[in-house]
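**Q** Structure, please.
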Amino acid sequence: MPHEVFKREPKTVTLTSKRRELLRMLAVSAGAWGLTAPFTTPSAFAQTKAAAASKPLEQLRIGYQKSAVNLVILKQQGALEKRFPNTKVSWIEFPAGPQLLEALSVGALEFGLTGDAPPVFAQAAGKDLYYVGAEPAKPESSAILVLQDSPIKTLADLKGKKIALQKGSSAHYLLVRAVEKVGLSWHDIQPIYLAPADARAAFERKSVDAWVIWDPFYAATELALPTRVITTGQGLSGNNSFYLSSTAFANQYPEVLTALFDELSRADRFAQEHRPEAIKLIASFSGLDAGVVSLFLKRRPRSPVGLLTAQAVSSQQQVADAFARLALVPKHVRVADIVWRFAH
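**A** Down below sits the predicted model:
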């Protein structure tokens with residue numbers, strides 16, 4: 001199995017879209033999920049449109065991970081560079097969401113995608129960011145893994161065991177929920193905080209007893225090693241994906257965000273309707289075997305991108321409350337406080 005997937009990789013746009021395009025995207029984002037309408041504020045559009053018109057966006061730096069299918073397809077197709085020819089579009093890969101949001105908070109990115117837990121940790125730390133968009137839940141795309149010969153058979157068997165995970169990631173929340181489900185306390189397990197590359201190495205040499213991980217790392221490991229799945233996120237964690245930006249970017253360039261949602265949803269349609277081509281694009285970028293890419297795409301539902309809905313915010317608040325309850329974040333946060341809002 002190629003090891004490139006486990007490496008750490010170190011590493012705007014003036015639009016004159018009319019307001020009706022923005023309204024169309026709002027309707028699509030709500031209707032695609034069948035959920036409630038997005039949060040709105042009457043004066044926001046006028047303020048943000050004026051700000052957007054006053055300053056051309058010279059660069060758009062996008063943070064992404066290998067699991068970010070829609071972004072990876074856009075990168076490989078050069079779609080944003082074609083749509084925004086007067087903007088320098090840069091792509092920066094991260095091993096996990098916490099590192100990506102740290103870069104976003106210090107002004108090294110304008111836009112990025114993470115799982116559910118990283119924004120909670122970032123908000124609790126007072127980072128400057130907004131939730132600006134979201135994809136539908138992907139509960140089957142993350143799991144708690146053990147090696148085939150492990151004595152661990154059930155979630156209850158995790159008591160006292162060393163479990164590898166990326167701190168502050170969606171895997172962190174999955175483990176919190178899994179422990180709660182069987183009546184264990186967080187102190188009944190031994191969380192070992194490791195980035196995916198280090199966690200994979202520890203898992204293989206049996207330095208840890210289990211590993212909580214997401215796709216495509218999950219799929220790559222599943223196909224390369226004799227493993228068993230103790231649980232996926234089904235019934236525990238939605239494994240939600242959120243698009244985030246700095247507050248300044250969202251307020252100054254709302255029409256750029258609308259265009260990004262449009263392109264990202266188009267990329268998702270491509271992934272669903274042209275699966276062989278999508279597999280080739282993603283495999284070419286990641287160095288992953290086509291079989292690995294095929295497996296993790298199979299677990300991924302249709303994922304159009306839209307604004308956060310009331311239901312999405314409520315679900316994310318549950319994530320925040322769980323971490324606060326265990327004192328894993330320094331303070332309780334109100335997710336809705338950093339959800340991007342604009343008017344109909």
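**Q** Look up how far residue 140 lies from residue 242.
**A** Distance from residue 242 to residue 140, counting by Cβ to Cβ, to the nearest Å: 18 Å. Yep, even glycine has a C-beta here, placed from its N, CA and C like the rest.
**Q** Actually, residue 157.
**A** Distance from residue 157 to residue 140, by Cβ to Cβ: 22 Å.
**Q** and residue 111, bridged to which residues?
**A** Bridge pairing for residue 111 (DSSP bridges) gives the partners residue 62, residue 245.
**Q** check contacts around it.
**A** Residues counted as contacts of residue 111 (Cβ atoms under 8 Å, 6 or more residues apart in numbering) are 60-63, 132, 243-245, 249, 257, 260.
**Q** ok, residue 242 and residue 140, which is more surrounded?
**A** Per other Cβ atoms under 10 Å, whichever of residue 242 and residue 140 has more neighbours is residue 242, with 21 against 18.
**Q** The more buried one belongs to a helix?
**A** No - counting by DSSP: H, G, I helix; E, B strand; the rest coil, residue 242 is not part of a helix but strand.
**Q** quick one: contacts for it?
**A** 113-116, 119, 131, 133-135, 308, 316.
**Q** what are the bridge partners for residue 163, then?
**A** Applying DSSP bridges to residue 163 yields these beta-bridge partners: residue 191, residue 210.
**Q** What about it, how many residues nearby?
**A** Neighbours of residue 163 (other Cβ under 10 Å): 24.
**Q** Please tell me how far the biggest helix by length in the chain is from the chain's geometric centre.
**A** Of all the segments assigned as helix in the chain under DSSP state H, the longest by residue count is helix 254-273. Computed by Cα atoms, centre = their mean, to the nearest Å, the chain-centroid distance of helix 254-273 equals 15 Å.
**Q** quick one: buried residues of it?
**A** The neighbour-count check on helix 254-273 (16 or more other Cβ atoms under 10 Å) flags 254-268, 270-271 as buried.
**Q** Could you check the pLDDT of residue 56?
**A** The per-residue pLDDT reported for residue 56 equals 86.
**Q** Quick one: residues contacting the residue nearest the centre of the chain.
**A** In the chain, the centroid-proximal residue (Cα atoms, centre = their mean) is residue 114; its distance is 2.6 Å. Listed by Cβ under 8 Å, 6+ apart, the contact set of residue 114 reads 65, 97-98, 100-101, 170, 241-242, 244.
**Q** residue ranges with poor pLDDT in this protein?
**A** Low-confidence segments of the chain, defined by pLDDT under 70: 1-54, 342-344.
**Q** Run through the strands of it in chain order.
**A** Using DSSP state E, the strands found in the chain span residues 59-64, 88-93, 111-114, 130-135, 142-147, 162-165, 190-193, 210-214, 227-232, 241-245.
**Q** Let me see the contact set for the residue lying closest to residue 177 once chain neighbours are set aside.
**A** For residue 177, ignoring the flanking residues on the chain, the nearest one in space by Cβ to Cβ, 6 or more residues apart in numbering is residue 236 at 4.1 Å. Contacts for residue 236 (Cβ under 8 Å, 6+ apart) come out as 139, 174, 177-178, 181.
**Q** Alright, I will stop here.
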